[in-house]
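K.L.:
Whatever this is, show me its structure:
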Amino acid sequence: MSENNTLKQTLGLKNATMIVAGSMIGSGIFILSSDMARSVGSAGYLLLLWIVTGIITVMAALCYGELAGMMPKAGGQFIYIEKSFGKATAFVYGWTVFTVIQTGVIAAVAMAFANYSSIFFPSLNNSLLEFQNFKITYGQCYAIGSIILLTLINTRGINSGKRIQDIFTWAKLIALFALIILGIGMGFQTDVLANNFENPWQASSIDKTGIIKPLAGFALLGAMGATIISSLFSSDAWNNVTFIAGEIKDPKRNIPRSLLLGTLIVTCLYILANIAYLSLLPLHGSPDGATAITQGIQFAANERVGAAAASMIFGNTALYIMAALIMVSTFGCNNGLILAGARVFYAMACEGLFIKKAKQLNNNSVPSNALWMQCTWAGILCLSGTYKDLVDYATFASVLFYIVTVAGLFVLRVKEPLTERPYKVIGYPILPALYIIVSVLICVILIIYDARNTQFALLCVGLGIPVYYGMNYWKKKK
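P.N.:
Model prediction:
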């Protein structure tokens, strides 16, 4: 190990864009539309949620483009927050990334990988260890094994991670595009899409027992605010490319470009994928339905709406086709998350805000210690909570710090007016201000309507404050 090694700039614009898109596309687009359809009960509002999510994501990416051009350093968002608000706020962000944001998403995606692998290997659902209400399944161990494997691959150098990312991202982009083309094409030959849009703005929620509750006014606003966390999770992790700025060629130009290209590509694919679902399956369904048609999008078997839609194209083999696609998608997604996340802890350690060994680079010029630390905690998270809990914890905390980071644009325009900005955010100050207002509104709604999960995320964020000051006290005393 050597602390004097430097990160190597080997990634071009294509690689950076693949990291943005590959980190975004995981399992969410194939699963979460079912829960969202139950929450809003309307084709119009379902698509609106995905469109709003896409707009929010692209707005944030445009704001990050200016920051990335100003500070093209490893650590990305951590560096932006430190420059804007100081070390204490940056540490709390880094602490939250380690405890819940990055590792929580890695764990959630790994669990989704295991869940779909169980279609081919049913024994993964069996319990390995049970103690009162706590149990460990073979699937959880399998998920941890996938994290270990990807971590090992990424310790072998940035090129190893880059190859995995490119291959798996292209595979899932092509597969998702094929599903969209075939789905919409077949949908035009039936009246399913037209039926779904007969009353596109008549909203209602339905629970898993089939009880329907009409939605309007503040009840509708609350339902949409609480539901958008699902689509935000599916569109999250686009900022991971900023973490590896130290390994991207011409980062002042390529990071802003990759952020915009990657988020636009995925946003369009997500909206089109939901149109494909609505072209193939009725939105409304019954929890007692025996077929994909009678279950509808709302009650797709095991919430696998992607598999249900594919069954209308490929028949009984669709479950296995979609399972294989989602295995590819989640494996590639986690590679991008693991590759990028460790660079935050590397940057923190370089600033004296994390375990010192995390800043050491191995002979392949990658922060291997930081990778294994990330791997260890993500593995522990695989043993706790459910997929949905991990999604909600991580996404809410992530949105909080997106707000903080975008607010840093205003701070830095005042503090450093003369700093070179190769790319300036379009529509400043209206666009970043609008992003902050919308995101704050979403967070407030989530605090009201999803108190349990948001309180846990806030607790993780809040714990970073005493940890930071306790760490400083210990350093001074020592």
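K.L.:
show me where the stretch 51-200 of the chain has strands.
P.N.:
Assigned by DSSP state E, counting those that start in this stretch, the strands in the stretch 51-200 of the chain fall at 127-131, 134-137.
K.L.:
wait, which of these is closest to Met71?
P.N.:
Across the strands of the stretch 51-200 of the chain, Met71 has its closest neighbour in strand 134-137 (42.2 Å, Cβ to Cβ). Every residue, glycine included, has its C-beta placed from N, CA and C.
K.L.:
mind checking the backbone torsions on Asn133?
P.N.:
For Asn133, the backbone dihedrals (degrees, to the nearest 10) come out as phi -90, psi 0.
K.L.:
How about Gly296?
P.N.:
Torsion angles at Gly296 (phi, psi; degrees, to the nearest 10) stand at phi 70, psi -180.
K.L.:
give me the number of residues near it?
P.N.:
Gly296 has 24 neighbours, counted by other Cβ atoms under 10 Å.
K.L.:
Grab the nearest non-local neighbour of it.
P.N.:
Gly285 (2.3 Å; Cβ to Cβ, 6 or more residues apart in numbering).
K.L.:
Touching, the one you found and Glu303? I think so.
P.N.:
No - assessed by Cβ atoms under 8 Å, Gly285 is found out of contact with Glu303, at 11.8 Å.
K.L.:
does the residue nearest to Trp201 when sequence neighbours are not counted belong to a helix or a strand, and which?
P.N.:
Leaving aside its chain neighbours, Trp201 sits nearest to Gly44 (4.8 Å; criterion: Cβ to Cβ, 6+ apart). Assigned by DSSP states H and E, Gly44 belongs to helix 43-70.
K.L.:
Show me what that helix is packed up against.
P.N.:
Helix 43-70 sits against helix 28-40, helix 77-85, helix 217-234, helix 240-243, helix 251-280, helix 387-415, helix 430-449, with contacts defined as 3 or more Cβ pairs under 8 Å, 6 or more residues apart in numbering; DSSP states H and E.
K.L.:
Return the most buried member of those helices.
P.N.:
Each of those was scored by mean neighbour count; the highest is helix 240-243, a mean of 30, by mean count of other Cβ atoms under 10 Å.
K.L.:
re earlier: how close does the residue nearest to Trp201 get to Ile297?
P.N.:
Gly44 sits 14 Å away from Ile297, going by Cβ to Cβ, to the nearest Å.
K.L.:
Then Gln455?
P.N.:
Plainly put, Gln455 is 30 Å away from Ile297 if you go by Cβ to Cβ.
K.L.:
Neighbour count for these two, which is higher?
P.N.:
Each of Gln455 and Ile297 has its neighbours counted (other Cβ under 10 Å); Ile297 has more, 28 against 12.
K.L.:
wait, what's in contact with that one?
P.N.:
Ser33, Ser34, Ala37, Tyr277, Leu278, Leu281, Pro282, Leu283, Gly285, Val305, Ala308 (Cβ atoms under 8 Å, 6 or more residues apart in numbering).
K.L.:
so which of these comes closest to Val52?
P.N.:
Nearest to Val52 among the contacts of Ile297, with distances taken as Cβ to Cβ, is Ser33, at 14.5 Å.
K.L.:
Please, which helix or strand holds the residue nearest to Ala171 when sequence neighbours are not counted?
P.N.:
Leaving aside its sequence neighbours, Ala171 sits nearest to Val328 (Cβ to Cβ, 6+ apart; 5.2 Å). Here Val328, judged by DSSP H and E, is contained in helix 318-350.
K.L.:
Figure out how far that helix is from the centre of its chain.
P.N.:
10 Å (Cα atoms, centre = their mean, to the nearest Å).
K.L.:
So which elements touch the next helix or strand after it?
P.N.:
For helix 318-350, the following helix or strand on the C-terminal side (DSSP H and E) is helix 368-382. On a contact count with 3+ Cβ pairs under 8 Å, 6+ apart, helix 368-382 meets helix 102-117, helix 138-155, helix 318-350.
K.L.:
now the longest one against helix 77-85, angle please.
P.N.:
For the pair helix 318-350 and helix 77-85, the angle between their directions (axes from the mean of the first three to the mean of the last three Cα atoms, to 10 degrees) equals 50 degrees.
K.L.:
Model confidence for Val58, exactly?
P.N.:
Note on Val58: pLDDT of 94.
K.L.:
Skipping adjacent residues, who's closest to it in space?
P.N.:
Computed as Cβ to Cβ, 6+ apart, the closest residue to Val58 that is not its neighbour in sequence is Thr263, at 5.0 Å.
K.L.:
winner for burial among the strands of the stretch 51-200 of the chain?
P.N.:
For the strands of the stretch 51-200 of the chain, the largest average neighbour count (mean count of other Cβ under 10 Å) is found in strand 134-137, namely a mean of 14.
K.L.:
Each with direction, which strands does that one pair with?
P.N.:
Sheet partners assigned to strand 134-137 using DSSP bridges are listed as strand 127-131 (antiparallel).
K.L.:
got the contact list for the strand it pairs with?
P.N.:
Contacting residues not belonging to strand 127-131 are listed as Lys135, Ile136, Thr137, Tyr138, Gln140, Cys141 [Cβ under 8 Å, 6+ apart].
K.L.:
separation between the third one and Pro122?
P.N.:
Which is Thr137. Thr137 is 12 Å from Pro122, where distance means Cβ to Cβ.
K.L.:
ditto for the second one
P.N.:
In this structure, Ile136 lies at 17 Å from Pro122, with Cβ to Cβ as the measure.
K.L.:
these two touch, right, Asp389 and Asn453?
P.N.:
Yes - contact status for Asp389 versus Asn453: in contact at 6.4 Å, counting by Cβ under 8 Å.
K.L.:
so what's the residue lying closest to Asn199 once chain neighbours are set aside up against?
P.N.:
Leaving aside its sequence neighbours, Asn199 sits nearest to Ser42 (Cβ to Cβ, 6+ apart; 7.6 Å). Residues in contact with Ser42 (Cβ under 8 Å, 6+ apart) are Asn199, Pro200, Trp201, Gln202, Ala203, Ser204, Leu283.
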